[in-house]
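Enquirer: Structure, please.
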Amino acid sequence: MDLAQDLKARNSREKMLAHGVGVLYARSMKLIAEADAQAHTVEKVRFINAADRLFRTAMDAMLAFDKVRSGGCQRVEVRHVTVHRGGQAIVGNVIARKRRLASKLQARGRRSKR
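Expert: Purely as a prediction, here's the structure:
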């Protein structure tokens, strides 16, 4: 299982979760292939539903992996911003390059003078 290495599992709990995710994902892919080989639509649907349940379980295990790694903590930062009439606000982490920002401001200044 390469997943434990790719995720850089740090302890046995993380390795166990990573291996479990890998097994669930691999089996769900096999079920989809088996569904494709079925002649009857009802059987195809059964295989696809089983694959879907396994895949969802794998995704839940990945969330558990993240929770184990982060210690179950979440960080929420709240900032209050005042936006005046005609203004715009951006929500999120925005990193602007100084050169780009300066050139955009100059271009806006030129356009407004015309």
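Enquirer: Tell me which other helices or strands the lengthiest helix in the chain touches.
Expert: Of all segments of type helix in the chain, defined using DSSP state H, the longest is helix 41-70. Contacts defined by 3 or more CB pairs under 8 Å, 6 or more residues apart in numbering; DSSP states H and E place helix 41-70 against helix 12-37. Backbone N, C-alpha and C define where each C-beta goes, glycine included.
Enquirer: buried residues in the helix it packs on?
Expert: Residues 14-15, 17-18, 20-22, 24-25, 27-28, 31-32, 34-35 are the ones in helix 12-37 that count as buried (16 or more other CB atoms under 10 Å).
Enquirer: And those residues, which is closest to Leu7?
Expert: If you rank the buried residues of helix 12-37 by distance to Leu7 using CB to CB, Ala18 comes first, at 5.2 Å.
Enquirer: what's the burial count for the closest residue to that closest one other than its chain neighbours?
Expert: Excluding the flanking residues, the one nearest Ala18 by CB to CB, 6 or more residues apart in numbering is Ala4, at 3.9 Å. Look at Ala4: counted by other CB atoms under 10 Å, it has 16 neighbours.
Enquirer: my guess is Ala4 contacts His19, does it?
Expert: Yes - taking CB atoms under 8 Å as the definition, Ala4 is a contact partner of His19 at 6.0 Å.
Enquirer: quick one: contacts for the residue lying closest to Ala58 once chain neighbours are set aside?
Expert: Leaving out its chain neighbours, the residue that sits closest to Ala58 by CB to CB, 6+ apart is Leu24, at 3.8 Å. Residues in contact with Leu24, defined by CB atoms under 8 Å, 6 or more residues apart in numbering, are Leu54, Phe55, Thr57, Ala58, Ala61.
Enquirer: Read off the pLDDT value for Leu24.
Expert: pLDDT recorded at Leu24 is 90.
Enquirer: again with Ala39
Expert: For Ala39, the predicted pLDDT is 90.
Enquirer: go on, the one 10 residues further on?
Expert: Looking at Asn49, its pLDDT is 95.
Enquirer: now swap in Arg100 and tell me
Expert: Value for Arg100, per-residue pLDDT: 61.
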